[in-house]
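In: Just the structure for this:
(one chain, ligands or ions: 2)
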Amino acid sequence: MLLIGILLKNMKNLITLSVLVGILTVAILGCGADSVNEANDQRPVQFVSANPASGSTLLSNATLTVSFDGVPEDLRVTQGVIFRSGRTTTISGPFIVGGINLTITWKGGSHTLVYTVKPAPVQIVSVNPLRESLLLPDTILIVTFNGNPKHLSVTPGEVQVSGKIATISGPFPRGELNLVMKWDTGTHTLAYTVELPVPDRMALISEGEFEMGSNVDEANDDERPVHTVYLDAFYIDIHEVTVGEYRRFVQQTGHRMPDWDEISRYSPTDQHPIVFVNWHDAMAYAKWKGKRLPTEAEWEKAARGGVPEQTYPWGNTVPDGKQCNFADKNLAHFWWADEQADDGHAHTASVGNYPDNEYGLYDMAGNVWEWCLDEYDAGFYAVSPRTNPISGIDTMEGIVDTFPSVLSPRVLRGGSWLVTVHGVRNAVRFRLDPASLNNSVGFRCVTDLPPN
Ligand SMILES: [Ca+2]
Ligand SMILES: [Ca+2]
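Out: Ligands and ions are numbered 1, 2, ... in the order given. Model (predicted):
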């Protein structure tokens with residue numbers, strides 16, 4: 001019994017021991033599996049691929065992409081600049097021209113790529129002013145390259161190269177400009193629009209066609225027929241010539257002194273339009289300013305503001321006092337004054353007192369009538385030349401030189417503070433002898449663009 005008892009006890013221990021051994025074995029095996037995994041994680045990061053592949057030909061400013069199977073630490077390269085991003089690294093030039101060995105090293109690894117490097121073509125880095133912008137004819141362009149452009153030429157213009165910087169100067173012709181640049185490794189076209197600086201207080205009216213005259217029911221006979229007119233580009237004063245401007249002209253030139261007292265009854269300040277000037281006075285002022293009077297066609301095109309079939313500079317709304325200065329309720333004792341409208345002025349208003357038109361011009365309707373260059377000819381529209389028409393004048397230069405001897409009636413346009421809504425229409429034409437002057441006639445000037 002005792003023996004059996006001892007055996008049983010030993011067997012119990014044996015079972016216990018076996019269980020323990022089993023647990024230990026599992027534990028040891030488990031430990032062994034973990035150890036193997038750790039060993040795998042710690043193996044060195046391996047190079048996988050390079051793009052372009054080793055053996056390729058590169059430009060000196062190329063960028064390579066190198067992939068690894070993990071994230072490399074302490075990454076270095078014998079040439080180029082490294083940009084790391086996880087398992088992928090980019091290496092950008094400059095690389096030395098010729099055959100190169102590009103060795104990449106990292107913690108636990110190294111790999112050498114072999115390339116043939118060719119020089120990268122010199123390219124434009126920046127342009128000032130920016131392409132597609134507006135240029136003045138004498139603007140100087142600065143073009144910066146990423147290297148020294150050899151044998152650089154430009155058309156049109158002159159170019160000087162200093163290192164990586166090219167300086168290009170005109171003068172450039174007006175209009176659309178395609179500046180073609182050629183150098184040893186490239187060519188490039190810069191596109192600009194070249195425009196002259198617009199003179200102070202003038203607006204540019206671009207060259208082109210417009211429909212002159214009016215066929216509406218209320219149009220007078222001399223406004224017909226509507227006909228197409230082409231005009232060269234010109235600049236026009238945005239305002240009527242003022243009392244202050246005209247006074248400076250008289251003071252500086254000794255031109256005939258007007259009756260300032262009479263003028264001040266209708267145009268009381270220097271900012272009001274000059275009145276009591278005849279056509280000869282207006283021509284003399286314009287010549288002194290280096291300008292001239294507008295042709296009748298130029299005046300009408302400017303008044304229309306580029307918008308076809310408008311009755312007035314602002315559209316077709318009959319003026320009610322907000323748009324222009326005409327014969328409104330302030331003009332007491334005149335039977336034709338519009339008692340329903342209030343424009344705030346009995347006589348002239350200071351220039352620019354009402355909204356401008358699409359060309360930025362003020363008082364094209366009303367305020368004061370404006371002298372034009374042309375001889376008045378009621379039937380001119382039926383025989384008018386299509387291009388740059390002027391009535392009764394052979395040459396522009398001739399009329400500017402001989403104007404003091406002109407006696408035939410001249411054209412007035414735009415109406416005034418003294419006329420009804422019918423008289424301030426874009427198409428209205430009026431006539432007056434060149435030596436006549438009165439309280440509702442003034443003028444504005446234009447200039448031609450210099451030859452391109
Ligand atoms: Ca008025
Ligand atoms: Ca006017």
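
In: Please parse this protein into its domains.
Out: Split into domains by automatic domain parsing, the chain comes to 47-118, 124-194, 202-448.

In: okay, the ones you listed in TSV with mean pLDDT and mean neighbour count next?
Out: Any C-beta I mention is one placed from the backbone N, CA and C, and that applies to glycine too. TSV is the format used below for those (pLDDT from 0 to 100; neighbours: other CB atoms under 10 Å):
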stretch	mean pLDDT	mean neighbour count
domain 47-118	93	15
domain 124-194	94	15
domain 202-448	96	19
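
In: May I see these organised as TSV, with distance to ligand 2 added?
Out: TSV is the format used below for these (distance: least, CB to the ion, whole Å):
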stretch	distance to ligand 2
domain 47-118	63
domain 124-194	30
domain 202-448	4
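
In: Residue 445 against residue 234, yeah?
Out: No - counting by CB atoms under 8 Å, no contact exists between residue 445 and residue 234, whose distance comes to 10.3 Å.

In: any common contacting residues for the two?
Out: Between them, residue 445 and residue 234 share these contacting residues under CB atoms under 8 Å, 6 or more residues apart in numbering: residue 294.

In: Just to be sure, residue 244 is in a strand?
Out: No - applying DSSP: H, G, I helix; E, B strand; the rest coil, one finds residue 244 to be helix, outside a strand.

In: quick one, what contacts the residue nearest to it when sequence neighbours are not counted?
Out: Nearest non-adjacent residue to residue 244, counting by CB to CB, 6 or more residues apart in numbering: residue 270, 3.0 Å away. By CB under 8 Å, 6+ apart, the contact set of residue 270 is 242, 243, 244, 247.

In: now swap in residue 284 and tell me
Out: By CB under 8 Å, 6+ apart, residue 284 lies in contact with 249, 253, 255, 403.

In: ok, now which ones touch the second one?
Out: Okay, so that is residue 253. Neighbour list for residue 253: 284, 288 [criterion: CB under 8 Å, 6+ apart].

In: which residues in the stretch 151-300 of the chain form helices?
Out: Residue ranges of the helices in the stretch 151-300 of the chain, as given by DSSP state H, counting those that start in this stretch, are 243-253, 260-266, 279-288, 296-304.

In: Residue 131 in helix, strand or coil?
Out: Under three-state DSSP, residue 131 falls in the coil class.

In: so how far is residue 314 from the nearest residue to it once chain neighbours are set aside?
Out: Spatial nearest neighbour of residue 131, chain neighbours left out: residue 190 (4.8 Å); criterion: CB to CB, 6+ apart. According to CB to CB, to the nearest Å, residue 190 and residue 314 sit 40 Å apart.

In: any idea which helix or strand comes after the helix or strand in which residue 65 is found?
Out: Using DSSP states H and E, residue 65 sits in strand 63-68. On the C-terminal side of strand 63-68, the nearest following helix or strand under DSSP H and E is strand 76-77.
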